[in-house]
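K.L.:
sequence first, predicted coordinates after that:
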Amino acid sequence: MSTDFDVVVIGGGPAGSTAASYLAMAGMSVGLFESAIFPRPHVGESLVPATTPVLLETGAIDAIDAAGFPRKYGAAWTAAYSLRVPSNGFAGISHRLRAEVQFVERDQPGVDRDYTYHVDRGKFDLLLLKNAEGHGAQVFCGARVLRVDFDDPEIVTVTCRLGSKEVGFTARMVVDASGRQTMLGRQLKTKVSDPIFDQYALHTWFEGLDRRALATTPEEVDFIFVHWLPVKDTWVWQIPITDKITSVGIVTQKKRFISANSDREKFFWEFVESRPELNEMLRKAKRIRPFHAEGDYSYAIKQICGDRFVLIGDAARFVDPIFSSGVSVALNSARIACRDVIAAYRGDGKYSKASFDNYESKLRRAVGYWYEFITIFYRLNVLFTAFAKDPRYRIDVLRMLQGDVYDGEEPKALQAMREVVAAVESDPDHVWHPFLGTLQAPTAAPTF
Amino acid sequence: MTPEPSESEISARLIAFIRERFLDGDAAGELDETSPLLEWGVINSLNSVILLSFISEEFGTPYLLENIDATTFKSVRNITMMLSDGNQRSRR
């Protein structure tokens, strides 16, 4: 039976356009349906080096290199605490803690450079989508996919809203790259929200922010910065977008925002004021975008593939923005899933669930590492800096930060961190015990 | 390579750091090697990380994070012991 396309890709973000590129390059006919009109703003602006091999393979790298995005050579963390000292009641000594890593410290397979990029996602996503189109994918923008019909065992029918009409397209299989909209997860009722780790992000762009203010060396100026606030499980990102523009976002538990009962702007500044030097840096800059909120993004999907479908990128799983893993998971899940899709296309053409076994096990493993790394990060909090500084773990921590989690053995740092957390949890007298006590970590472990 | 610091040297540097950073100078000179840091509340979960950060900058990291437990920060003597044990281990 003939179909409109071999494969329909739902969503034109980094996952969808990367998948469309791979599949079109393999000679498949691809229809990609994107509900927005690009360019459009999007959160998730800092990349990790694990994106590079994929951008090289799909040929998108030249356009990305030419776009003038700031180069990201590393990451830095800062924290500051005013500690009350019991012996003489003196309070207010400010203690600073910091750590930083540079990608150049560890060679990474398939990565030909010691930097990645911070990107304006409006521009970046458009470049990737154009790349997919250049490879022959048919791209439809302003076309929202409403549902996918799997009743016929040979084909899928994808129903889209185009203007005021609903239109059906047929294909042999569908790739769901609908992002946090989780199109198939919702339709198939396989989406599970994380009930504990309910994170919330409030973000905007500033112009004229002096990125040197909290950097200690000139090299660090264009790093991503994670600034811990002295509020439990709360941190601020600082991501260069252009020479003049910097993206800043607060990530906290949603319940803190709700209980603060204030508007977004008030909430943002109240939290920022807990770090005076951060507050000073931000107050001197000019906010050029409204505050944008992201919530309900901590979830798992119980099934990431099945007969005639695979889920990639955020449509399959998102935990937390802390390690800039979003675009990397999008690109690499597309890469790995497409190998299976292409093998099925060249093989029996059935696209059965078993065709995607390799993808499922690789993604399960990678997401499992991310998940645990993020969990432990929130459990350890600033103690994480001790791991990043320790030469025994540093390179391994860096491997996670590079996003190099799809092949090879489990990162050793995970094991060491796991042991520390377990030791502290089991010993109520441990100096770090109270520290872990109130921290919340994700509970919805990968379930697929 | 710089020679490894002796126990008394480690101890003196730790005391100086704790005095300056956590005790506002300790004008009364109360802190010594055996002062119960945890009992007095001089060391807590947060500033223990600051202390570790100081230790790694001053002495490298002659300790394993996995080995830090309830007794490690009990006194300057205990911290010194952990560090000099670590030094001996890394020499072997």
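P.N.:
Yep, that arrived. Residues are numbered from 1 along each chain as shown, chains lettered A, B, ... in the order given.
K.L.:
in chain B, which residue sits closest to chain A?
P.N.:
Using C-beta to the nearest C-beta, the single residue of chain B nearest to chain A is B:S45, 3.4 Å away. Where you see a C-beta, it was placed from the backbone N, CA and C, and this is true even at glycine.
K.L.:
quick one, grab the pLDDT at that residue.
P.N.:
With respect to pLDDT, B:S45 has a value of 75.
K.L.:
go on, A:L439?
P.N.:
So, for A:L439, pLDDT stands at 54.
K.L.:
next: A:M1.
P.N.:
On the pLDDT scale, A:M1 gets 72.
K.L.:
list the contacts of it.
P.N.:
Contact analysis of A:M1 by C-beta atoms under 8 Å, 6 or more residues apart in numbering or on different chains lists A:154-155.
K.L.:
any idea how far stretch A:317-326 is from the middle of the chain?
P.N.:
Relative to its chain's centre, stretch A:317-326 lies at 3 Å (C-alpha atoms, centre = their mean, to the nearest Å).
K.L.:
quick one: the strands in the stretch 151-300 of chain A?
P.N.:
All strands of the stretch 151-300 of chain A, identified by DSSP state E, counting those that start in this stretch, fall at A:156-162, A:165-171, A:173-176, A:191-193, A:199-207, A:224-228, A:235-240, A:245-253, A:286-287, A:292-295, A:299-301.
K.L.:
just the terminal-to-terminal distance for stretch A:275-294.
P.N.:
Start-to-end span of stretch A:275-294 (C-alpha to C-alpha, to the nearest Å) is 23 Å.
K.L.:
how about it, does it reach chain B?
P.N.:
No. Counting by C-beta under 8 Å from any C-beta of the partner chain, chain B is not contacted by stretch A:275-294; separation bottoms out at 14.6 Å.
K.L.:
that stretch - what's its average pLDDT?
P.N.:
Stretch A:275-294 comes out at a mean pLDDT of 94.
K.L.:
how about the residues of the stretch 251-400 of chain A near chain B?
P.N.:
So the stretch 251-400 of chain A meets chain B at A:382-383, A:385-387, A:389-393 (C-beta under 8 Å from any C-beta).
K.L.:
just the buried subset of those residues, please.
P.N.:
Taking 16 or more other C-beta atoms under 10 Å in any protein chain shown as the criterion, what is buried in those is A:382-383, A:385-387, A:389-390, A:393.
K.L.:
quick one: the helices in chain B?
P.N.:
Secondary structure of chain B (DSSP state H): helices at B:7-22, B:37-40, B:45-59, B:76-91.
K.L.:
ok, chain A next?
P.N.:
Using DSSP H, helices in chain A cover A:14-25, A:52-58, A:61-66, A:121-134, A:183-187, A:254-260, A:264-272, A:276-283, A:326-346, A:357-380, A:384-389, A:391-402, A:412-426, A:433-437.
K.L.:
how about those helices in JSON lines, adding distance to A:A75?
P.N.:
Compiled in JSON lines, the helices of chain A are given as follows (distance: least, C-beta to C-beta, whole Å):
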{"stretch": "helix A:14-25", "distance to A:A75": "20"}
{"stretch": "helix A:52-58", "distance to A:A75": "16"}
{"stretch": "helix A:61-66", "distance to A:A75": "20"}
{"stretch": "helix A:121-134", "distance to A:A75": "19"}
{"stretch": "helix A:183-187", "distance to A:A75": "30"}
{"stretch": "helix A:254-260", "distance to A:A75": "24"}
{"stretch": "helix A:264-272", "distance to A:A75": "20"}
{"stretch": "helix A:276-283", "distance to A:A75": "17"}
{"stretch": "helix A:326-346", "distance to A:A75": "13"}
{"stretch": "helix A:357-380", "distance to A:A75": "12"}
{"stretch": "helix A:384-389", "distance to A:A75": "9"}
{"stretch": "helix A:391-402", "distance to A:A75": "6"}
{"stretch": "helix A:412-426", "distance to A:A75": "15"}
{"stretch": "helix A:433-437", "distance to A:A75": "23"}
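K.L.:
just those: most buried one?
P.N.:
Each of these was scored by mean neighbour count; the highest is helix A:14-25, a mean of 30, by mean count of other C-beta atoms under 10 Å in any protein chain shown.
K.L.:
packing partners for that one?
P.N.:
Contact here means 3 or more C-beta pairs under 8 Å, 6 or more residues apart in numbering or on different chains; DSSP states H and E; on that basis helix A:14-25 packs against strand A:7-10, strand A:30-34, helix A:52-58, helix A:121-134, strand A:173-176, helix A:326-346.
K.L.:
could you redo the last one with a cut-off of 10 Å?
P.N.:
strand A:7-10, strand A:30-34, helix A:52-58, helix A:121-134, strand A:138-141, strand A:173-176, helix A:326-346 (3 or more C-beta pairs under 10 Å, 6 or more residues apart in numbering or on different chains; DSSP states H and E).
K.L.:
please report how far the closest residue to A:R335 other than its chain neighbours lies from A:N131.
P.N.:
Spatial nearest neighbour of A:R335, excluding adjacent residues (C-beta to C-beta, 6 or more residues apart in numbering or on different chains): A:V54 at 5.1 Å. A:V54 sits 11 Å away from A:N131, going by C-beta to C-beta, to the nearest Å.
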